[in-house]
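Trainee: When you get a sec, could you give me coordinates for this:
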Amino acid sequence: MRNLNDYYFFVQVVEQGGFAQAARHTGAPKSTLAKRVAALETDLGVRLIQRTPRRFTVTELGQQFYRHAAAMLIEADAAEDVVKGRLAEPSGTVRITASVPTAQTILATALVELAEAHPKIRVSLHVTDRFVDMVQEGFDIAVRNHFAPLPDSGLVQRRVASDPVCLVASPAYLAARGMPQQPQDLERHAGLASSMSGGPWRLENDHGNIVEVALVPRMHADESTVLLRAAQQGLGIACLPQRLCSEAITAGQVVRVLPEWRAGTVTTTLLMPHRRGQLPAVRLVADAIAQPV
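Mentor: From the prediction side, this is the model:
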């Protein structure tokens, strides 16, 4: 008869990134965790974790075994949830990490409405533009913006939105400098860029045409709301996700420049660890974030 507690201990060691961390997380002695994982390896006849005093590595077989063991624990949690009635009324704390623009444009309204509708769920949102290792730092959900596809990290991925990056400038700026009629016209204009390198902008249209243009550097900032404010004040032309500048466009504070062209597409993706992503409260929050926007 298998000792399912050994499966639990193994999953905790992998998810916490080591025996010492798992001991702190579970409250079980480190020696007990090491003994139970060793017993599991003996029963299976394989090495699941390569460990030395300075290194901790999950083997390829260990990674495969982890995915199935974690799924088994998910089902155990789900079975317990049915008994406790948590599926009918999700509860608990859900920890989320996201960048500043994502929090402002996608999460703010969705999370407030969810918290109002489900008072037993406590939402904890950590807003930062640095890379966050969500498993190591204990987050249930990460919401990330990216241009290229995300690497296969073993996390559950759900696409939230896909947003074209458009060119915008204030009416006053365009009245003074002229409205560009083709991409090459941009080279006479002031650029508000997110990259300190000041490299050319790569534009594409729906016909598959691609062109690179280099604007005159006017301002660099790696924070999109700063660039939007600069465009509103007439400092130049900015490349921004359409969702971020939609209110300013509607209000007439900025207008689209070369609307048939875009500077790529930014995708918003929700990521969850497999096991945490199946908990009722986490699922509910993820569903609320992933609603079409």
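Trainee: longest helix anywhere in the chain?
Mentor: helix 60-84 (DSSP state H).
Trainee: Run through the neighbouring helices and strands of that helix.
Mentor: For helix 60-84, the elements it packs on are helix 4-16, judged by 3 or more CB pairs under 8 Å, 6 or more residues apart in numbering; DSSP states H and E. Heads up, the C-betas are built off the backbone N, CA and C, glycines and all.
Trainee: Mind listing residues that contact the helix it packs on?
Mentor: 19, 22, 24-26, 28, 32-33, 36-37, 39-40, 43, 48-49, 58, 62, 65-66, 69-70, 72-73, 135-136, 273, 275 (CB atoms under 8 Å, 6 or more residues apart in numbering).
Trainee: Report the inter-axis angle for that helix versus helix 60-84.
Mentor: Orientation check (axes from the mean of the first three to the mean of the last three CA atoms, to 10 degrees): helix 4-16 against helix 60-84 gives 110 degrees.
Trainee: Show the average pLDDT along helix 4-16.
Mentor: Average pLDDT, helix 4-16: 91.
Trainee: Can you point out the buried residues in that helix?
Mentor: Across helix 4-16, burial judged by 16 or more other CB atoms under 10 Å covers Asp6, Tyr7, Tyr8, Phe9, Phe10, Val11, Gln12, Val13, Val14, Glu15, Gln16.
Trainee: moving C-terminal of that helix, what's the next helix or strand?
Mentor: Using DSSP states H and E, the helix or strand that follows helix 4-16 in sequence is helix 19-26.
Trainee: buried sites along that next one?
Mentor: Result for helix 19-26 [16+ other CB under 10 Å]: buried residues Phe19, Gln21, Ala22, Ala23.
Trainee: need the next SSE after that helix, C-terminal direction.
Mentor: Next along from helix 19-26, by DSSP H and E: helix 30-44.
Trainee: from the middle of its chain, how far away would that next one be?
Mentor: 34 Å (CA atoms, centre = their mean, to the nearest Å).
Trainee: if we can go back for a sec, when you filter the contacts of helix 4-16 down to buried only, what's left?
Mentor: 19, 22, 28, 33, 36-37, 40, 48-49, 58, 62, 65-66, 69-70, 73, 135, 273, 275.
Trainee: Ramachandran angles for Met47?
Mentor: If you look again at residue 47, you'll see it is Arg, not Met. Backbone geometry at Arg47, expressed as degrees, to the nearest 10, gives phi -90, psi 120.
Trainee: in the stretch 51-200 of the chain, which spans are strands?
Mentor: Secondary structure of the stretch 51-200 of the chain (DSSP state E, counting those that start in this stretch): strands located at 55-58, 92-98, 121-127, 141-146, 156-169, 190-193.
Trainee: Can you tell me which of those is packed in deepest?
Mentor: Mean neighbour count (mean count of other CB atoms under 10 Å) peaks for strand 190-193 among the strands of the stretch 51-200 of the chain, with a mean of 22.
Trainee: after that strand, next one along is what?
Mentor: By DSSP H and E, the next helix or strand past strand 190-193 is strand 201-205.
Trainee: Show me how far that following strand is from its chain's centre.
Mentor: 25 Å.
Trainee: what sits up against that strand?
Mentor: Here strand 201-205 makes contact (CB under 8 Å, 6+ apart) with 167, 183, 186, 191, 193, 210-215, 239, 258, 260-264.
Trainee: now the angle between strand 156-169 and it, please.
Mentor: 100 degrees.
Trainee: Spell out which strands sit alongside strand 201-205 in the sheet and which way each one runs.
Mentor: Partner strands and pairing direction for strand 201-205 (DSSP bridges) are strand 210-213 (antiparallel), strand 261-262 (antiparallel).
Trainee: So which bits of the first one are buried?
Mentor: Going by neighbour count (16+ other CB under 10 Å), the buried part of strand 210-213 is Val213.
Trainee: which residues are contacting it?
Mentor: By CB under 8 Å, 6+ apart, strand 210-213 touches Pro183, Gln184, Leu186, Glu187, Pro200, Trp201, Arg202, Leu203, Glu204.
Trainee: Tell me the spacing between the fourth one and Thr128.
Mentor: Same thing as Glu187. 36 Å (CB to CB, to the nearest Å).
Trainee: same thing with the first one?
Mentor: The gap separating Pro183 from Thr128 is 35 Å, by CB to CB.
Trainee: next one: Leu240
Mentor: 20 Å.
Trainee: Regarding Cys239, what is its secondary structure?
Mentor: strand (DSSP: H, G, I helix; E, B strand; the rest coil).
Trainee: Good, wrapping up.
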